[in-house]
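**Student:** From the sequence below, what's the structure:
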Amino acid sequence: MDKYRVTLTAEERAELERLVSCGPAAARELIRARIRRLADDSRGEEHTDEQIIAALGTGLRTVARVRRLLVTEGFDTALCRRPQPPRPDKIKIKGDREQWLIEWACSEPPKGRCHWTLQLLADELVVLGLVDRIGIETVRLALKKTTSSPGSSRPGASRREPTPSTSGAWRT
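**Tutor:** Numbers count the residues shown, from 1 in each chain. Next up, the predicted model:
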């Protein structure tokens, strides 16, 4: 792995000290700030990656990634987490498939069932060839984002029903 030499200015060191000593920040930001502070070579106190790992309990890849980001992209970029890019190709249920799913969820359930379950809807999507495979969480999220729910003022296509108690002694 390439080792990047980190050299901080006095202002950057002061900002890291302030953040680590008193700032109510996210744990990830605090760890990255501590890594940056220990990786600073400008004071003559060079710490190896192994020493940083032992001191902070992080992984080698985390230390290497923070060093690389600090040297290549700058002080502020290495501190904050970048949001994940949108992935429209990962959405399996959209358009006609979503419309079909809502129609089926609001229709009569199959014989022998009192209502559609997420697993039944997922299996039906696969049987009809609309998707190759799909999980029930994907079906749940697709139904949750809809606003069509017959007979309810709450959004979502699936109805929330009380869970029956497994113990016969107490009812709540």
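**Student:** can you list the domains in this protein?
**Tutor:** As given by automatic domain parsing, the domain ranges for the chain are 10-79, 89-144.
**Student:** The spatially closest residue to H115 that is not a sequence neighbour: how many residues sit nearby?
**Tutor:** Excluding the flanking residues, the one nearest H115 by Cβ to Cβ, 6 or more residues apart in numbering is P109, at 5.2 Å. For every residue, glycine as well, the C-beta is placed using N, CA and C. Neighbours of P109 under the rule other Cβ atoms under 10 Å: 13.
**Student:** P109 in helix, strand or coil?
**Tutor:** coil (DSSP: H, G, I helix; E, B strand; the rest coil).
**Student:** you'd agree it is up against W116?
**Tutor:** Yes - counting by Cβ atoms under 8 Å, P109 touches W116, with 5.0 Å between them.
**Student:** For the protein, just list every one of the helices.
**Tutor:** Here the chain has its helices, by DSSP state H, at 10-22, 27-39, 49-56, 60-73, 75-79, 96-106, 118-127, 136-144.
**Student:** winner for burial among those?
**Tutor:** Burial among these, expressed as mean neighbours by mean count of other Cβ atoms under 10 Å, is greatest for helix 27-39, which shows a mean of 19.
**Student:** Run the angle between that one and helix 49-56 for me.
**Tutor:** If you take axes from the mean of the first three to the mean of the last three Cα atoms, to 10 degrees, helix 27-39 sits at 130 degrees to helix 49-56.
**Student:** How far off centre is helix 27-39?
**Tutor:** 21 Å (Cα atoms, centre = their mean, to the nearest Å).
**Student:** Find the centremost residue of the protein, please.
**Tutor:** In the chain, the centroid-proximal residue (Cα atoms, centre = their mean) is Q84; its distance is 8.8 Å.
**Student:** How about the contacts made by it?
**Tutor:** Neighbour list for Q84: empty [criterion: Cβ atoms under 8 Å, 6 or more residues apart in numbering].
**Student:** ok, it to T72 distance?
**Tutor:** 20 Å (Cβ to Cβ, to the nearest Å).
**Student:** And for P85?
**Tutor:** Taking Cβ to Cβ, one finds P85 at 19 Å from T72.
**Student:** do P88 as well
**Tutor:** To T72, P88 is 28 Å away according to Cβ to Cβ.
**Student:** The domains of the chain into CSV, with extra columns for distance to K3 and mean pLDDT?
**Tutor:** Shown next, in CSV, are these (distance: least, Cβ to Cβ, whole Å; pLDDT from 0 to 100):
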stretch, distance to K3, mean pLDDT
domain 10-79, 7, 80
domain 89-144, 35, 88
